[in-house]
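Participant: everything below, folded, please.
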Amino acid sequence: VALVLYSDKPRLEFSLDTFEKKPEVLNYLTKLPYRGGQTYTGAAIDFVRKKVFSKKMGSRKDQGVQQLAVVITDGESLDNFTGPASKLRRKGVTVYAVGIQNVSMTNFSLLASPFLGCEETEEADIYFLIDGSGSIYPDDFHDMKVFMNELISMFQVGTDRVRFGVVQYGSTPQTEFEIHQYNTVAQLKDAIKGIQQLGGGTRTGDALTYMQRLFNSSVRAQVPQFLIIITDGQSQDHGIVIYAIGVKSAVQSELEDIAGTKDRMFFVNDFDSLDLIKHDVVRDICSPEGKFNIILTAGA
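Facilitator: Modelled structure (predicted):
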């Protein structure tokens, strides 16, 4: 357990490896003084991401230990906290929000509550590139299909709106359905339900080259293009520098290489937890910064 006390500035009271016994923590808390000041929740969350959830400060993330953050406040933040909270979740930290007394629930709920959908992105072409190699367990492959279905449901699907396609890859890529084939959420979900796992190795680079050709053959002028890659394996080829979501046993250094920066990297502890970051993926696609010809990938 670690504790950060914040007002105008965040202050680390103790880190994850400071105390080994519960009575030591409780004893410290009884002596914790009230500090006063104003409420800057965004700065505090950024501080926690950078200074608390790190191996140097006692984090056991690399050992598979779940990472949790509980934010407790009674005041409306004077700075933006939705961006910092999103970055913290991308790092694999589950964020809980506890409001006390006169907290603004409308704004405060954005800390941990789901993002309901995307109305602003009128047109987009989005392909899923899913890892169906032998390193993926059948239950995890099922979780990827659930993730795709839930993400699709958050968009306005249609011929002149948002279109989706799916390619599966292992040793070689295979088109499950192209981006122009289905025009309703129901049709897409039915097609995804029928996808069978391929098996084989993990050739992410070859699959990306394949996707580039696929996008070029179905491009709509001035329409943003997105590629969401879901994989748990270390790529057996090279040349990947994109936006990454790490799942399960992903190598963090490789994820950073894929993303090019920690700010464009997601991480979840298991495939079940894909649900926790789907809202952040949609936020990126829906954001003004996302409305360009960029590639968004989720790879581990």
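Participant: what residue ranges in the stretch 151-300 of the chain score low on pLDDT?
Facilitator: Counting by pLDDT under 70, the stretch 151-300 of the chain has low-confidence residues at 231-269, 273, 276-277, 279, 281, 283-300.
Participant: give me that answer again for 50
Facilitator: 237-243, 288-300 (pLDDT under 50).
Participant: ok, L3 touching F14?
Facilitator: Yes - with contacts counted by C-beta atoms under 8 Å, L3 reaches F14, the gap being 5.5 Å. (Glycine included, C-beta is placed from N, CA and C.)
Participant: now the common contact residues for the two.
Facilitator: Taking C-beta atoms under 8 Å, 6 or more residues apart in numbering as the criterion, L3 and F14 both touch Y28.
Participant: so where does the nearest residue to P138 once chain neighbours are set aside fall, helix or strand?
Facilitator: Once flanking residues are discounted, P138 sits nearest to Q197: 6.7 Å by C-beta to C-beta, 6 or more residues apart in numbering. Using DSSP states H and E, Q197 maps to neither a helix nor a strand.
Participant: what's the distance between Q197 and F147?
Facilitator: 15 Å (C-beta to C-beta, to the nearest Å).
Participant: same check, this time on S217
Facilitator: From S217 to F147 the distance is 26 Å (C-beta to C-beta).
Participant: quick one: which of these two has more around it?
Facilitator: F147 (25 against 9; other C-beta atoms under 10 Å).
Participant: can you tell me, leaving aside adjacent residues, what's nearest to that one?
Facilitator: Counting by C-beta to C-beta, 6+ apart, the residue nearest F147 is L274, at 4.2 Å.
Participant: over to N149?
Facilitator: Nearest to N149 is K189, by C-beta to C-beta, 6+ apart, at 5.1 Å.
Participant: double-check that the one you found belongs to a helix.
Facilitator: Yes - assignment of K189 by DSSP: H, G, I helix; E, B strand; the rest coil places it within a helix.
Participant: that one reaches L151, doesn't it?
Facilitator: No - if you go by C-beta under 8 Å, K189 and L151 don't touch, sitting 11.1 Å apart.
Participant: settle it for me: which of the two has more neighbours?
Facilitator: L151 (21 against 16).
Participant: what comes into contact with the host helix or strand of that one?
Facilitator: Under the criterion of DSSP H and E, L151 resides in helix 138-152. Outside helix 138-152, the residues within contact range by C-beta under 8 Å, 6+ apart are 128, 130-132, 136, 164, 166, 185, 188-189, 192-193, 195, 197, 228, 230, 232, 247-248, 270-272, 274-275, 278, 281-282.
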